[in-house]
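S.K.: Any chance you could fold what I've pasted below:
(one chain, ligands or ions: 1)
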Amino acid sequence: MIEIKTVKEFVENADSIDFDDFISSVIEKCEKIQSKYQPFITINKNHAKPKKGLIHALPVSVKDCICTKDLQSTAGSKILEGYIPPFDATCVTKIKQQGGVIIGKTTQDEFGFGTFNVNSKYAIPKNPFDVERSCGGSSGGAGCITAAADFPHIAIAESTGGSITAPAAFTGTYGLTPTYGRVSRYGLIDYANSMDKIGVIAKSTYDIALMLSIISGYDPLDSTSADLAEQDFTKFIGKDIKGMKIAVPKEYFGEGVDKKIADLIWEKIKQLESLGASYEEISLPMTKYAIPAYYIIAVSEASTNLAKFCGLRYGLHKQLSGNFDEYFASVRSQGFGEETKRRIILGTYARMAGFRDAYYLKALKIRTLIIQEFKKTFKSFDIIAAPSMPVLPLKFSEIENLKPIENYMMDILTIAPNMAGIPMISVPAGLINGLPAGLHLMADHFNEAALIKASSSLEGLE
Ligand code: GLN
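M.R.: Take a look at the predicted model:
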């Protein structure tokens, strides 16, 4: 049974598999992959018989910041080491209801703080295309296992500012970041609540559409989840894209973007044109303000979210000693990594009386302008096309030498759509010097259908 490689074939034949044999061979494979590439923080070895459903017995990996009942969930942080949630996140409940099997928790940057998945106390995933290179982040483990697995599998990931697009682009996989509110965040260990989105990394558009159909929908446990009818997104696969209007923003092909990647993405846009779409070059002048505004909002929200890890109720505990400040400081100095501390300090500063208006409130205004700019664009266009990442997968040795600001600049192509909460998909665009690059397609709020149509139309074309 394990000879079946694609999710589609697997779900169509799921009734005929011997579950125990199948799952033990999948776990064995995961262990081999782990020793080579390190995609997991935890591999799950306890499996009950799965329910009958849309994805009966299908292996699913879950990013570690998403709570899974009875399975350690650390969000990549030492401060949550050993935390075993007593409940499932809503998306995990939905996956289990449809018969999905949680094979493990994938590694990530601590709380999602990073672009290359090197800020982790646990595993640092290695790129299956070249082990000296990063898988992208922060959902690096999700990209890594998707690229490395030779068995049917789908990964659940999460993005605040690009954490699904970056690893999908770096590992040659498909990565969908849904519209903010499309998928319930209940059970997600927050990074920045106003921007966090749970999404999917997989090997084909079909897999993405199938999983989105399962995990999306209104959830009374998440007041920001959108009250929309559930739908089957697989019906958009292979639908004609004749007449589709594509906007190509010049800011996404400019300074800092590898010329070879830009050229490859243009080839893909021309392919979409040959399938009946039309394109026009446009300008999105707000793009340049996105990174500074994002990092103010993200670190402000993160620093308040992380205040609860104070050594009393949540996370790492120690022998009580000294006054509260001393105890709080000692638990947090031990439990948080360097990048997390940097962000807590920045976020606390940006929210302080006197600075709030100058930084935080200003950043929120910029976000509104960015949303308006996208909304205006989608009045005349169906999708926006751009490169997913400005660079090919970087070597770990190159990442080490990046200064924090240079590191944050790697998010130039992903931050604005993530801030705006619009849906986006990274589609494998081909290889450059043996390394994968991604085409980024973005659409208006709740128009995932356009992304699925366009992405699937490119499948099978060279
Ligand atoms: N690289 C961005 C950050 O560090 C985005 C990461 C994410 O989406 N979690 O904030």
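S.K.: Only C-alpha atoms from now on, for both contacts and neighbour counts.
M.R.: Fine.
S.K.: Give the buried residues for the helix or strand of the chain with the lowest mean pLDDT.
M.R.: When each helix and strand of the chain is scored by mean pLDDT, DSSP states H and E, helix 404-409 comes last, with a mean of 89. Buried positions in helix 404-409, judged by neighbour count with 16 or more other CA atoms under 10 Å: 408-409.
S.K.: Who are the packing partners of it?
M.R.: Applying 3 or more CA pairs under 8 Å, 6 or more residues apart in numbering; DSSP states H and E, we find helix 404-409 packed against no helix or strand.
S.K.: Can you list the neighbours in contact with it?
M.R.: Identification of contacts with helix 404-409 by CA atoms under 8 Å, 6 or more residues apart in numbering yields 115, 291, 399.
S.K.: ok, which residues in the protein are in contact with the ligand?
M.R.: Taking CA under 6 Å from any ligand atom as the contact definition, the chain meets the ligand at 112-115, 138, 159-163, 411.
S.K.: Show me where the stretch 201-350 of the chain has its strands.
M.R.: 245-249, 278-282 (DSSP state E, counting those that start in this stretch).
S.K.: Minimum distance to residue 149: which of those has it?
M.R.: Checking the strands of the stretch 201-350 of the chain against residue 149 by CA to CA gives strand 245-249 as the closest, at 33.2 Å.
S.K.: Identify all contacting residues around that closest one.
M.R.: By CA under 8 Å, 6+ apart, strand 245-249 touches 277-284, 377, 380-386.
S.K.: chain center to it, what's the gap?
M.R.: 23 Å (CA atoms, centre = their mean, to the nearest Å).
S.K.: Check stretch 178-188 too.
M.R.: 12 Å.
S.K.: now swap in stretch 148-167 and tell me
M.R.: Centroid separation for stretch 148-167 versus its chain: 6 Å, with CA atoms, centre = their mean.
S.K.: Out of the contacts of helix 404-409, which comes closest to the ligand?
M.R.: residue 115 (4.0 Å; CA to the nearest ligand atom).
S.K.: Can you report how many residues lie near the closest residue to the closest one other than its chain neighbours?
M.R.: Using CA to CA, 6 or more residues apart in numbering and skipping residues adjacent in sequence, the residue nearest residue 115 is residue 137, 4.2 Å away. Residues within reach of residue 137, counting by other CA atoms under 10 Å, total 30.
S.K.: Quote the end-to-end distance of stretch 46-60.
M.R.: Criterion CA to CA, to the nearest Å; first-to-last residue distance in stretch 46-60 is 14 Å.
S.K.: ditto for stretch 73-87
M.R.: Termini of stretch 73-87 sit 11 Å apart (CA to CA).
S.K.: ok, which stretches of the stretch 351-462 of the chain are strands?
M.R.: Using DSSP E, counting those that start in this stretch, strands in the stretch 351-462 of the chain cover 383-387, 424-432, 435-443.
S.K.: Would you reformat the ones you listed as JSON lines and include mean neighbour count and mean pLDDT?
M.R.: As requested, the strands of the stretch 351-462 of the chain are exported to JSON lines (neighbours: other CA atoms under 10 Å; pLDDT from 0 to 100):
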{"stretch": "strand 383-387", "mean neighbour count": "25", "mean pLDDT": "98"}
{"stretch": "strand 424-432", "mean neighbour count": "25", "mean pLDDT": "98"}
{"stretch": "strand 435-443", "mean neighbour count": "27", "mean pLDDT": "98"}
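S.K.: can you tell which of those is closest to residue 324?
M.R.: Comparing the strands of the stretch 351-462 of the chain by CA to CA, strand 424-432 comes nearest, at 44.1 Å.
S.K.: Tell me which residues of stretch 42-55 come out buried.
M.R.: Neighbour-count burial for stretch 42-55 flags 42-44, 50-51, 53-55 (criterion: 16+ other CA under 10 Å).
S.K.: what mean pLDDT would you report for that stretch?
M.R.: Averaging pLDDT along stretch 42-55 yields 94.
S.K.: Now do the end-to-end distance for stretch 232-239.
M.R.: End-to-end distance for stretch 232-239: 14 Å, by CA to CA.
S.K.: Now it: buried residues?
M.R.: 233-234, 236-238.
S.K.: repeat for stretch 453-462
M.R.: Residues of stretch 453-462 classed as buried by neighbour count (16+ other CA under 10 Å): 453-458.
S.K.: Likewise for stretch 267-282?
M.R.: Neighbour-count burial for stretch 267-282 [16+ other CA under 10 Å]: 268-269, 271-273, 275, 277-279.
S.K.: wait, which of the buried residues of stretch 42-55 is closest to the ligand?
M.R.: residue 42 (19.7 Å).
S.K.: Partner strands of the helix or strand that closest one falls within and their direction?
M.R.: Using DSSP states H and E, residue 42 sits within strand 40-43. Strand 40-43 has the following strand partners under DSSP bridges: strand 101-106 (antiparallel).
S.K.: So what's the gap between the strand it pairs with and the chain middle?
M.R.: 16 Å.
S.K.: In it, which residues are buried?
M.R.: For strand 101-106, the neighbour count (16+ other CA under 10 Å) marks 101-106 as buried.
S.K.: what do you get for stretch 302-311?
M.R.: Within stretch 302-311, the residues scored as buried using 16+ other CA under 10 Å are 302-303, 305-306, 309-311.
S.K.: Quick check: end-to-end length of that stretch?
M.R.: Start and end residues of stretch 302-311 are separated by 17 Å (CA to CA).
S.K.: which residue lies farthest from the center of the chain?
M.R.: residue 322 (40.3 Å; CA atoms, centre = their mean).
S.K.: Find me the pLDDT at it, would you?
M.R.: 88.
S.K.: Contact partners for it?
M.R.: By CA under 8 Å, 6+ apart, residue 322 has no neighbours at all.
S.K.: what's the distance between the closest residue to residue 268 other than its chain neighbours and the ligand?
M.R.: Spatially, and ignoring its direct neighbours in sequence, residue 268 is nearest to residue 429 (6.9 Å; CA to CA, 6+ apart). Remark: distance between residue 429 and the ligand (CA to the nearest ligand atom, to the nearest Å) = 21 Å.
S.K.: Appreciated, that's everything.
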